[in-house]
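Visitor: Fold the following, please.
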Amino acid sequence: MTELSAQQTADFVGNGMFANDRAVQGLNIRLASIAPGRAAMTMAVGEHMLNGHETCHGGFIAVLADSAFAYACNSYGEATVASGFSIDFMAPARSGDVLTASSVEVSRAGRTGVYDTEVTNQRGERIAVFRGRSYTLKGKPAVMKTITQGD
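Guide: Numbering: from 1, shown residues only. Next up is the predicted model:
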């Protein structure tokens, strides 16, 4: 069996995680792209996501950002979980907006990592910035299937 390239591993992980990710599927979040140490996800803001101010509830924006972060830090093939995150909101998102969360690795050493995620709307306006901290569970695969070609 031939080992997968780093990009093939990221694609395998993205597809495998998405197949089992009921949270993102339930919110109609889509995986737009994945590569080693990075991922982008999109979400359309629906009426059911609006708060009392007629803007997207911050919790939905946080779920989108946290999901992109999760896919980015798991893209190497080892199970990685969040150890914490912070989010700052820059502007409101409204019904009909299509949000994109783009996550990129800032640092990865040993079992820990730091990832920055920017959430923008369809006009490229910054909605939120998110910083996630990760912890890798060494030796545990991100998806429950061997990551080798030919499986």
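Visitor: Touching, T55 and R94? I think so.
Guide: Yes: with contact defined as C-beta atoms under 8 Å, T55 counts as touching R94 (6.0 Å). Where C-beta positions appear, they are placed from N, C-alpha and C, glycine not excepted.
Visitor: Longest helix in the protein, please.
Guide: Scanning the chain for the longest helix, with DSSP state H as the assignment, gives helix 58-74.
Visitor: Work out the gap between it and the centre of the chain.
Guide: With C-alpha atoms, centre = their mean, to the nearest Å as the basis, helix 58-74 stands 4 Å off its chain's centre.
Visitor: What's the first helix or strand after that helix?
Guide: Going down the chain from helix 58-74, the next helix or strand is strand 78-89, by DSSP states H and E.
Visitor: Sheet-wise, list the partners of the helix or strand following that next one with their directions.
Guide: Elements were assigned by DSSP H and E; along the chain past strand 78-89, the next helix or strand is strand 98-109. Using DSSP bridges, strand 98-109 pairs in its sheet with strand 38-44 (antiparallel), strand 112-120 (antiparallel).
Visitor: Would you mind finding the most buried of those?
Guide: Mean neighbours per residue, mean count of other C-beta atoms under 10 Å, is largest over the strands paired with strand 98-109 for strand 38-44, with a mean of 23.
Visitor: From the rest of the structure, what touches it?
Guide: Residues from elsewhere that reach strand 38-44, judged by C-beta atoms under 8 Å, 6 or more residues apart in numbering: 14, 24, 27-34, 60, 64, 67-69, 71-72, 75, 96-105.
Visitor: Of those, select the buried ones using a ChimeraX command.
Guide: Buried members of the contacts of strand 38-44, defined by 16 or more other C-beta atoms under 10 Å, are picked up in ChimeraX with:
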select :14,24,27,29,31,33,34,60,64,67,68,69,71,72,75,97,99,100,101,102,103,104,105
